[in-house]
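Participant: I would like to see how this sequence folds:
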Amino acid sequence: MTALQMALTFQAVLFGVTLVRRSFGAGGLLASGAVLGLTDVDALTISMARNASAGLPVALAAQAIAVGVLVNCVMKAGIATALGAKPFRRVASGAVTAMAMAIGVALAVL
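Facilitator: So this is what the prediction gives:
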């Protein structure tokens, strides 16, 4: 049952991202990357790979994935800070924040 739910979720994401891309263009694609990054980036990555093979510029697909990973890092740093025990909080939130900063710099430069 869990596998079926995951497959249905992936299909919904694939359909939704394609719809957003057609309706809102690059801005909508980046926004959907950010929204999907709040939970998981697997479906986002598969969706971007599929859209790239269907004509989406690879650079835009990579940028949407990077935005999703950035949001995911920020979310995880927040969870680690809010819920983690003190030793875990310090290490985990610091490491994940550093990763988010590196991704943010890369997105700003590129």
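
Participant: Need the residue closest to the centroid of the chain.
Facilitator: Closest to where the C-alpha atoms of the chain average out (Cα atoms, centre = their mean) is G68, at 2.0 Å.

Participant: Surely that residue and A31 touch.
Facilitator: No - judged on Cβ atoms under 8 Å, G68 makes no contact with A31 at a distance of 10.4 Å. The C-beta positions use only the backbone N, C-alpha and C, and glycine is treated the same way.

Participant: All the strands of the protein, residue numbers only.
Facilitator: Using DSSP state E, no strands are found in the chain.

Participant: in this protein, which ranges drop under the pLDDT threshold?
Facilitator: For the chain, no stretch has pLDDT under 70.

Participant: same thing but 90
Facilitator: Applying pLDDT under 90 to the chain flags residues 1-22, 25-26, 36, 39-40, 42-43, 46-47, 50-56, 90, 93-94, 110.

Participant: just to revisit the earlier point, where's the residue nearest to the centre of the chain relative to T81, distance?
Facilitator: For G68, the distance to T81 equals 20 Å [Cβ to Cβ, to the nearest Å].

Participant: show me what contacts the residue nearest to the centre of the chain?
Facilitator: G68 makes contacts with 33-34, 36-37, 41, 44-45, as judged by Cβ atoms under 8 Å, 6 or more residues apart in numbering.

Participant: ok, now how distant is it from L110?
Facilitator: As judged by Cβ to Cβ, G68 and L110 stand 15 Å apart.
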